[in-house]
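Peer 1: I would like to see how this sequence folds:
(chains A, B and C)
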Amino acid sequence: MTPAEPPPAPVAGTTAVAPRLVGDEATAALMLGDDALILSHRLAEWTGHAPALEEDVALANISLDLLGQARTLFSLVGDEDELAYLRGERDFRNVQLVEQPNGDFAHTIARQLYFSLAQEIRYTAVVGTDGCPTPIRELAAKAVKETAYHRDHATEWTLRLGDGTDESHARMRRGLEVMWRHTGELFAAVPGLPLDDAALRENWLTALEAVLGEATLPLPQGPDADAWTAGGGREGIHTEPFGFLLAEMQHLHRSHPGATW
Amino acid sequence: MTTAPPADQRSPGLAELERAFDTAVAAEERIEPRDWMPDAYRATLVRQIAQHAHSEIIGMQPEANWITRAPSLRRKAILTAKVQDEAGHGLYLYSAAETLGVSRDELLDKLHAGRQRYSSIFNYPTLTWADVGAIGWLVDGAAITNQVPLCRCSYGPYARAMVRICKEESFHQRQGYELLLALSRGTEAQHAMAQDAVDRWWWPSLMMFGPPDDRSAHSAQSMEWKIKRHSNDELRQRFVDICVPQAESLGLSLPDPELRWNEERGRHDFGAIDWEEFSQVLKGNGPCNEQRITQRRRAHEEGAWVREAASAHAAKRRARATAAIGDTTATGDTAPPTATPNGATTP
Amino acid sequence: MTTPWPLWEVFVRSRRGLSHTHAGSLHAPDAEMALRNARDLYTRRGEGVSLWVVPAESITASSPDEKDPFFEPAADKAYRHPTFYAIPDGVKHL
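Peer 2: Sure, this is the predicted structure:
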């Protein structure tokens, strides 16, 4: 008999394997899971580079929350590592916003503000909508508390950067504008989640305007949700930086086919 | 911090203060921030705690190097949490150093200017994924061997920080060992990757205990002050004895042909350490010295506008709260007007 | 040159029924951020259910030089402790 290997320690933030979803419901889990995975990856890139050590810790915390959400969502569809490491770029269904490069801290906070507000609103709606798949509702019920904290973090920083120095105001404004064109698809309908996406988007705008107003920042005026804006992440159309993100994320796993880690 | 009126008039003579300090240390009592302490004791602690804090912060880099390439989501979560802990440990330690009358900014400036050191081990590169495991097993293992005795260090805030750190560090060492175990039992290529990493990290890990006792500049005094509890060579020997059976269980070899059990001593004999390499890396000639400091300095400089913005925002809100007469609900606006941590402030 | 963030002392209530205990310190620009940083730094492993942050400079501490006048007088008042009183064997609930 060979010595028994120690069972892999469970990682906080993940739950045991749940019944597999199929069809639209699986697509929904993948879309939300890809959002969480890719944003988690971008935030992890900050580790060791943040503006203060306290912020290294905070960003890593958010990254870990999102990674936990992604793992739970992937477990509803299939093998988490196959899904993360063996799909090609066109198979990822995340919104383009989450794959945008970190830029300076203001770009990252703008991305966090847009996304965490949207994620909190959507998770809250999922929890309250009977027609949504039960395992996704369970995930959302847990994740919405994490997301509320992420939104709070982004809000606090938006206030400080917007209403801080002239330089920080200009940088925050720029960050909001650069990321704005990727917000149009945040509330594109997700198959399998029967939500009133237009109403959710209104809630999002209202909440966003309140934060920006307090931060003395204008709402960006560029296009966000019409034919001229960016979009297509949900159909697997991504932006150029995404290919590099995947190359970095996947190369080691793919270099050793079939290996366990 | 507001303190009770100075008691200069009643101050006992220096000799008496020294005697009280020596008695307290000898009796295993803890020295606390506002106690009298010899200048050299304070300086030694600042130097050691700062170096320790810097090591945690610089030590984030070689491992963070692999977060975005971690080969499974489980490993990615573990590694992110580990590197995050290191930032946390750095913060606990800076906080302990600040009780001695230095500010974190002063210490960071010294680090960035190359005037304070961090552990030389982090000037080695992480070339493969297995290096993450080797760091966890060997580097964290050596660190724990060094650090556990520090939980009984005579200086209270340092000892308390170490208690917290040691609790968290044991997770680091285990994850490293488990990572290497998976590689060692994996494919041929994975096994080779693990062996290569252990080959490269073994000797630098042994150097982490510092120069041999007969060449250690600060050891004797630090032992007397109970800042240090065991000699460099004693801790190094302890580490080797612990690692040998662990390597066997891993199915990996240690790169030392002279490593063998000495029945008479009841300990392992091991080969000579290349102290020339150690001193070269210490002098700044290691593979990554330049890179590590440059990255740290850049993060600090590029973050300056963010830190400044937050300070400016806090100042604005204090001003508004002052202007809003009668508004006493602004509980968040009570930050002190200046930001100079005046040192011995921790209760 | 940027203005350094002030120092805050952090107190953590590890669970309901216990008092807040000093855990360490951190830097933050203001109280809100100090609370959030404290949450991330000192309760990563579920160590707390409630946090206090206090500007380090707001704390007034007794001086170690006054240890004797402050604390020694309490040491010889054995009559403040229940063990000071001899009670005959067999007396219960006292």
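Peer 1: What segments of chain A are helices?
Peer 2: A:23-44, A:53-75, A:80-85, A:96-99, A:105-127, A:134-162, A:166-180, A:197-214, A:240-255 (DSSP state H).
Peer 1: CSV please, covering those and showing mean pLDDT.
Peer 2: Listed next are those as CSV, based on pLDDT from 0 to 100:
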stretch, mean pLDDT
helix A:23-44, 98
helix A:53-75, 97
helix A:80-85, 98
helix A:96-99, 97
helix A:105-127, 98
helix A:134-162, 97
helix A:166-180, 97
helix A:197-214, 97
helix A:240-255, 98
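Peer 1: Using a markdown table, please lay out those helices together with distance to B:Gln116 and mean neighbour count.
Peer 2: For the C-beta atoms, the positions are set from N, CA and C on the backbone; glycine is no exception. A markdown table is the format used below for those (distance: least, CB to CB, whole Å; neighbours: other CB atoms under 10 Å in any protein chain shown):
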| stretch | distance to B:Gln116 | mean neighbour count |
| --- | --- | --- |
| helix A:23-44 | 28 | 24 |
| helix A:53-75 | 16 | 26 |
| helix A:80-85 | 40 | 20 |
| helix A:96-99 | 39 | 26 |
| helix A:105-127 | 26 | 24 |
| helix A:134-162 | 30 | 21 |
| helix A:166-180 | 30 | 20 |
| helix A:197-214 | 41 | 15 |
| helix A:240-255 | 33 | 16 |
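Peer 1: Adding distance to chain B, write the ones you listed out as CSV.
Peer 2: Converted to CSV, these look like this (distance: least, CB to the nearest CB, whole Å):
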stretch, distance to chain B
helix A:23-44, 5
helix A:53-75, 4
helix A:80-85, 5
helix A:96-99, 13
helix A:105-127, 5
helix A:134-162, 4
helix A:166-180, 3
helix A:197-214, 11
helix A:240-255, 4
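Peer 1: okay, the ones you listed in JSON lines with distance to B:Trp129 next?
Peer 2: Shown next, in JSON lines, are these (distance: least, CB to CB, whole Å):
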{"stretch": "helix A:23-44", "distance to B:Trp129": "16"}
{"stretch": "helix A:53-75", "distance to B:Trp129": "18"}
{"stretch": "helix A:80-85", "distance to B:Trp129": "13"}
{"stretch": "helix A:96-99", "distance to B:Trp129": "24"}
{"stretch": "helix A:105-127", "distance to B:Trp129": "27"}
{"stretch": "helix A:134-162", "distance to B:Trp129": "28"}
{"stretch": "helix A:166-180", "distance to B:Trp129": "32"}
{"stretch": "helix A:197-214", "distance to B:Trp129": "40"}
{"stretch": "helix A:240-255", "distance to B:Trp129": "6"}
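Peer 1: Tell me which of those approaches B:Glu28 most closely.
Peer 2: helix A:53-75 (32.7 Å; CB to CB).
Peer 1: now that closest one, how far from the centre of its chain.
Peer 2: Relative to its parent chain, helix A:53-75 has a centroid offset of 10 Å by CA atoms, centre = their mean, to the nearest Å.
Peer 1: likewise stretch A:201-208?
Peer 2: Between the centre of stretch A:201-208 and the centre of its chain there are 18 Å (CA atoms, centre = their mean).
Peer 1: Out of the helices of chain A, flag the one nearest A:Leu186.
Peer 2: helix A:105-127 (4.4 Å).
Peer 1: Specify the angle between the host helix or strand of B:Arg74 and helix A:23-44 in degrees.
Peer 2: Using DSSP states H and E, the element containing B:Arg74 is helix B:73-98. Note on geometry: by axes from the mean of the first three to the mean of the last three CA atoms, to 10 degrees, helix B:73-98 and helix A:23-44 are set 30 degrees apart in direction.
Peer 1: what's the average pLDDT for the helix or strand following helix B:73-98?
Peer 2: Downstream of helix B:73-98, the first helix or strand assigned by DSSP H and E is helix B:104-112. Averaging pLDDT along helix B:104-112 yields 95.
Peer 1: Just give the number of residues close to residue 86.
Peer 2: Since you didn't name a chain, this refers to chain A. Other residues within reach of A:Leu86, judged by other CB atoms under 10 Å in any protein chain shown, total 13.
Peer 1: was after chain C, sorry
Peer 2: For C:Ala86, using other CB under 10 Å, the count is 5.
Peer 1: Please tell me how far it sits from C:Ala78.
Peer 2: For C:Ala86, the distance to C:Ala78 equals 12 Å [CB to CB, to the nearest Å].
Peer 1: In contact with B:Ser119: list those residues for me.
Peer 2: By CB atoms under 8 Å, 6 or more residues apart in numbering or on different chains, the residues touching B:Ser119 are B:Gln51, B:Ser55, B:Ile58, B:Gly59, B:Ala143, B:Met208.
Peer 1: since we're on the second one, how many residues are nearby?
Peer 2: Here the neighbour count serves as a burial measure; for B:Ser55 (other CB under 10 Å) it reads 21.
Peer 1: Contacts only, for the closest residue to chain B within the stretch 101-250 of chain A.
Peer 2: Nearest residue of the stretch 101-250 of chain A to chain B: A:Gly164, at 2.9 Å (CB to the nearest CB). Counting by CB under 8 Å, 6+ apart, A:Gly164 touches B:Glu308, B:Ala309, B:Ala310, B:Ala312, B:His313.
Peer 1: Assess the claim that A:Thr72 and A:Leu139 are in contact.
Peer 2: Yes - assessed by CB atoms under 8 Å, A:Thr72 is found in contact with A:Leu139 at 5.1 Å.
Peer 1: Report how many residues lie close to A:Gly236.
Peer 2: Counted with other CB under 10 Å, residues neighbouring A:Gly236 total 15.
Peer 1: ditto for the one 3 residues further on
Peer 2: Burial measure for A:Thr239: 16 neighbouring residues, criterion other CB under 10 Å.
Peer 1: in the stretch 51-200 of chain A, what residue is nearest chain C?
Peer 2: In the stretch 51-200 of chain A, the residue that lies nearest chain C is A:Glu54 (4.2 Å; CB to the nearest CB).
Peer 1: Quickly check: stretch B:96-105 near chain C or not.
Peer 2: Yes - judged by CB under 8 Å from any CB of the partner chain, stretch B:96-105 and chain C are in contact via B:Ala96, B:Glu98, B:Ser103, B:Arg104, B:Asp105.
Peer 1: with these in mind, which one is nearest to chain A?
Peer 2: Ranking the residues of stretch B:96-105 next to chain C by separation from chain A, with CB to the nearest CB as the measure, puts B:Arg104 on top at 8.4 Å.
Peer 1: Tell me the pLDDT of the nearest residue to B:Pro287 once chain neighbours are set aside.
Peer 2: Closest residue to B:Pro287 apart from its sequence neighbours, by CB to CB, 6 or more residues apart in numbering or on different chains: B:Pro125 at 5.2 Å. In this model, B:Pro125 is scored at 97, pLDDT.
Peer 1: Just give the closest residue to the residue of the stretch 101-250 of chain A closest to chain B, not the sequence neighbours.
Peer 2: Leaving aside its sequence neighbours, A:Gly164 sits nearest to B:Ala309 (CB to CB, 6+ apart; 2.9 Å).
Peer 1: which SS state does that neighbour fall under?
Peer 2: Classification of B:Ala309 by DSSP: H, G, I helix; E, B strand; the rest coil places it in helix.
Peer 1: Tell me the pLDDT of it.
Peer 2: Note on B:Ala309: pLDDT of 97.
Peer 1: Quick one: neighbours of it, just the number.
Peer 2: 28.
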